[in-house]
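# Give me a 3D structure for the following:
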Amino acid sequence: MNQRWNLGSALRRDNLQMLGKLGVIVALMFGFAYSLVPLYNAICTALGINVLSMSERQHVVRAEDVRNTQVDYSRKITIEFDANSRGPWEFKPAVNHLEVHPGELATVMYEFRNVQPRVMAAQAIPSYAPKQATAHFNKLECFCFNEYTLQPGEQKSWPVVFVVDPKLPKDVKTITLSYTFFEVAGKGQKQALAPLEPKL
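Sure thing, here's the model as predicted:
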């Protein structure tokens, strides 16, 4: 009887130790997941590969440069707009696509609404397809250049003002511009919403 009690006590002790270890693992996994976005930003900034600090800022052009660009009326490029969100909010382009001439200034609006009952800070990261179009898609104004803080229920419309370089290879007929909007952890209460005005 005493041996059976000792066996049951040892089993309970082992179960409690296992439960404690699993609890520590869960806490570490949660902490790691929560720190991924700031960790990503820190690594990209340290290595100089942050898409916002490098390639995005390299492709910003001025309005006066665009005025001197010849519009190629001999062809049209279809620009498709896509929106992905990493969080419980609404984010979408006002239109699914536009047809533009290379060298022609164009604007598309993106709509965002914070449906959460709390303040949130968020930022968009763009991507392009096909990849060779990236160097020829020049943005004069884009909400992806900044982080924004939105109040609960706040709704915003943000412009992307762009021009496709006439040097775009002739075989590229369609460019897909896709934005992924994600929450910036820990900044919801700290950052004020900066107004976004088109600089034309």
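
# ranges for the strands of the protein?
For the chain, the strands defined by DSSP state E cover 77-86, 90-93, 97-100, 105-113, 120-129, 137-142, 148-150, 155-164, 174-183.

# Which strands and helices lie in contact with the fifth one?
This means strand 120-129. Judged by 3 or more CB pairs under 8 Å, 6 or more residues apart in numbering; DSSP states H and E, strand 120-129 is in contact with strand 148-150, strand 174-183. Just so you know, the C-beta spots here come from the backbone N, C-alpha and C atoms, and that holds for glycine as well.

# Poorly predicted segments of the protein, please.
Regions of the chain meeting the criterion pLDDT under 70 cover residues 1-8, 33-69, 186-200.

# S85 and E183 touch, don't they?
No. Checked against CB atoms under 8 Å, the pair S85 and E183 is beyond contact range at 9.3 Å.

# circling back to that earlier point, can you list the helices and strands packed on strand 120-129 in CSV and add mean neighbour count and distance to K131?
Formatted as CSV, those follow (neighbours: other CB atoms under 10 Å; distance: least, CB to CB, whole Å):
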stretch, mean neighbour count, distance to K131
strand 148-150, 21, 27
strand 174-183, 19, 11
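
# between those strands, which gets nearest to D165?
Closest of the helices and strands packed on strand 120-129 to D165 is strand 174-183, at 11.0 Å (criterion: CB to CB).

# want to try a markdown table for the strands of the chain, with distance to K21 as columns?
Below are the strands of the chain laid out as a markdown table (distance: least, CB to CB, whole Å):
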| stretch | distance to K21 |
| --- | --- |
| strand 77-86 | 31 |
| strand 90-93 | 40 |
| strand 97-100 | 53 |
| strand 105-113 | 42 |
| strand 120-129 | 34 |
| strand 137-142 | 47 |
| strand 148-150 | 39 |
| strand 155-164 | 46 |
| strand 174-183 | 31 |
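
# Let's see the distance spanning stretch 164-182 from one end to the other.
26 Å (CA to CA, to the nearest Å).

# now it, how far from the centre of its chain.
Counting by CA atoms, centre = their mean, to the nearest Å, stretch 164-182 is centred 17 Å from the centre of its parent chain.

# what number of residues lie near F91?
19 (other CB atoms under 10 Å).

# Quick check: it vs L177, distance?
The gap separating F91 from L177 is 14 Å, by CB to CB, to the nearest Å.

# same deal with L16?
54 Å.

# In the longest helix seen in the chain, which residues are buried?
As assigned by DSSP state H, the longest helix anywhere in the chain is helix 2-34. Within helix 2-34, no residue is scored as buried using 16 or more other CB atoms under 10 Å.

# now stretch 153-160
K156, W158, P159, V160.

# chain center to it, what's the gap?
Relative to its chain's centre, stretch 153-160 lies at 14 Å (CA atoms, centre = their mean).
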